[in-house]
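1. Requesting a structural model of the entry that follows:
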Amino acid sequence: MRGGRVLSDTIVLTKHGPVVVKPDEPPFTIGKTKTPPGHAMRWIAHEYSNELLTFIRLNKAKNFGDYKKALATYFCPAQNFVYADVNKEIAITSNGRFPIKYRGQGKFILDGSNPLHDWYGWVPPIHNPGMRNPARGYVSSANQFPADTVTYPYYLHWEFASFDRAARINEVLDKMEKATPDDFFKLQNDNLNMTARTALPTMLNYVRKTNREKYAKAYEDLKNWNYMHDIDKTAPTIFKLWWSILVREIWTDELGEKDMRFPPKDVTVSMVEDTDSTNTRWFDNIKTETKENAAEIINRAFVKSIDSLQKLYGEEISKKWAWGVTKKTSIKHLADIGPFSVSGLITAGDADIVNATGKRHGPSWKMVVALGKNVQAYGVYPGGQSGNPGSYFYLTMVEKWRKGELYELFYMKKANEKSNKILSVLTITK
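-> Residues are numbered from 1 along each chain as shown. Model prediction:
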C-alpha cells in the first residue's frame, strides 16, 4: 500500500465458495442488503469460464455454427444472445452455466452442512432456453422467464422481469409486416403501460360513486386514458401513485415495509384483475378488526393517491400533474457527482414499459440494425463522445436520447475506406 505498508488478508474457502464476512467481523451492508457473518456464497463467477473468448469468436463469426461455438465458453452472468444473418436466419439463446437445483433453492440462506442443498451438476448447454427460426418470424426478450414455465424441465431462478415489456413487444411484433428501421424506432419509444391496460378497468369499477364525484376530473382522466405514458398526460401520474399505494395496502400488513420482499407484480395484477379473488385474505388488513375486501382497499388507495397529488401539485389537475413534469429523469454520473450529472429531463415512458425511461434508470444504449447488402445501423446513448465534463461533447447526445431519436452509425467495410465522416486517422506502428 502507499507508504510501504503491507496489509494481509485471509480468504476462507469452502466447497460452497468463499466466506464473504468472517464470523468475528460486523455484517457487510450496502443499502438494504446485509451480508451476515460466517456465511459462504456459491457463485457461478467463481467457476472457470472464458467470456472474453466468446466475444472474440462472435466478432469473427460467419454463420450460426460459429455463433453456437462462441457461446460454449460463456458462463456468467447469463445473457440473452441474439443471432441474425443476411439469409434471414434468426435465433436467441439464454446462455450461461445453470446449476441443477430444486425449485426455490437459493431463494433463502441454506444449511451448508446438509448435502440436499448442494448443486448436483449443470443444465446441459443444449437444454439452455432458446429458439431458432420460429414460425412467428421473430425472437425477442425483455428479461422475462426465457422458457415455457409448464414444460421446461429445469429450475432456473425464482424471479424474472414482469410480463409488461415482453408482452407489449410481442404484441407489436405480431402485427409487423415488412418491418423497417422506422418501425423499430417507434417500438423503442412505445409508451403503453400493460399493467394499467390489464388492471385499471377493474380498479375503476371498484371506485365508489361518492369518490367518482368528489374526484371527477381524476376519475375521467383515468377512464379516458389510452394507457400511454406520454409527457403531457396526467393519467400516468395518477395511476403510478394509485398502483404504488395499492400494492403497499395489500402486502404491507402481512409482510412489513422492510421485512420481506413483496410478491412479483404479476401476482398483484392477477389478484386485482380476477374478480373471483376480490375477497381473498390478502386484501384484508390483518391489523384492523374490520375485514376488508378488494373494493375497500382499492378505494382507499385511490383517495390517498389523489389527496397526496393535490398536496404536491395543487387542488386542480393542471400541467403540474403532467407525467413528464412529475417524473423528471436524472442521468447520474457513475461516481454520483452532482455537477457531472444531468437532472430534470422531461421524458416519456417508465420502468416496465418498452420505453423504460424512469426517474433514475433507462436505456443506456439504443440501437437498430437493418441487415442486407448495405448494413444500416442507428444508435444513441445518454451522454456524449467525450468523458471530460469540460468538453463540448460531454452531453451532446442527451437531448437526442431524451426525445427517443437515434443517430445513423458509420459502418466501415474496410480499414482504408474513404468518407467525409472520418475526421482523422491514427496509425499505430511497432
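2. ok, and the closest non-adjacent residue to residue 103?
-> Nearest residue to residue 103, sequence neighbours excluded (Cβ to Cβ, 6 or more residues apart in numbering): residue 155, at 4.7 Å. The way it works is simple: take the backbone N, C-alpha and C, and place the C-beta from them, glycine included.
3. That neighbour contacts residue 106, correct?
-> No - between residue 155 and residue 106 there is no contact under Cβ atoms under 8 Å: 9.3 Å.
4. quick one: what helix or strand has the residue nearest to residue 103 in it?
-> Following DSSP states H and E, there is no helix or strand that holds residue 155.
5. residues in contact with it?
-> Residue 155 sits next to 101, 102, 103, 104, 105 when contact means Cβ atoms under 8 Å, 6 or more residues apart in numbering.
6. and if we set it to 10 Å?
-> The contact partners of residue 155, by Cβ atoms under 10 Å, 6 or more residues apart in numbering, come to 98, 99, 100, 101, 102, 103, 104, 105, 106, 123.
7. and the two most separated of the residues you listed?
-> Taking Cβ to Cβ as the measure, those span a maximum distance of 16.5 Å, between 104 and 123.
8. out of these two, which sits in the busier spot?
-> residue 123 (18 against 9; other Cβ atoms under 10 Å).
9. okay but the more buried one is in contact with residue 75, surely?
-> No - in this structure, residue 123 is not within contact of residue 75 by Cβ atoms under 10 Å, at 11.5 Å.
10. Next, show the common contact partners of the two.
-> Common neighbours of residue 123 and residue 75, using Cβ under 10 Å, 6+ apart, are 96, 97, 98.
11. so what's the second one closest to, chain neighbours aside?
-> Same thing as residue 97. For residue 97, ignoring the flanking residues on the chain, the nearest one in space by Cβ to Cβ, 6+ apart is residue 75 at 3.8 Å.
12. and that neighbour, how many neighbours?
-> 21.
13. And for residue 429?
-> There are 3 residues near residue 429, going by other Cβ under 10 Å.
14. Mind pulling the model confidence for it?
-> If you check residue 429, the pLDDT there is 90.
15. now residue 315: how far from residue 218?
-> Separation of residue 315 from residue 218 (Cβ to Cβ, to the nearest Å): 11 Å.
16. quick one on the thing from earlier: among the contacts of residue 155, which ones are buried?
-> Neighbour counting with 16 or more other Cβ atoms under 10 Å marks 98, 99, 101, 105, 123 as buried within these.
17. Sort out for me which of those residues are in helices.
-> For the buried ones among the contacts of residue 155, not one is inside helices, with DSSP state H as the criterion.
18. list the contacts for the closest residue to residue 343 other than its chain neighbours?
-> Excluding its sequence neighbours, the residue lying closest to residue 343 (Cβ to Cβ, 6+ apart) is residue 330, at 4.2 Å. If you count contacts by Cβ under 10 Å, 6+ apart, residue 330 has them with 338, 341, 342, 343, 344, 345, 358, 359, 360, 361, 362.
19. at 7 Å instead, please
-> Residue 330 makes contact with 341, 342, 343, 359, 360, according to Cβ atoms under 7 Å, 6 or more residues apart in numbering.
20. And the residues you listed, which is closest to residue 247?
-> residue 359 (17.2 Å).
21. quick one: contacts for the closest one?
-> Neighbouring residues of residue 359 by Cβ under 7 Å, 6+ apart: 327, 328, 329, 330.
22. So among those, which ones count as buried?
-> By neighbour count, with 16+ other Cβ under 10 Å, the contacts of residue 359 hold 327, 329, 330 as buried.
23. returning to what we had before: phi and psi next, for the residue nearest to residue 97.
-> Note on residue 75: backbone dihedrals following degrees, to the nearest 10 are phi -120, psi -40.
24. so it makes contact with residue 48?
-> No - under the criterion of Cβ atoms under 7 Å, residue 75 makes no contact with residue 48, lying 8.1 Å away.
25. buried set for the helix or strand hosting residue 204?
-> Of the helices and strands defined by DSSP H and E, residue 204 is found in helix 194-205. Buried residues in helix 194-205, counted by 16+ other Cβ under 10 Å: 194, 195, 196, 197, 198, 199, 200, 202, 203.
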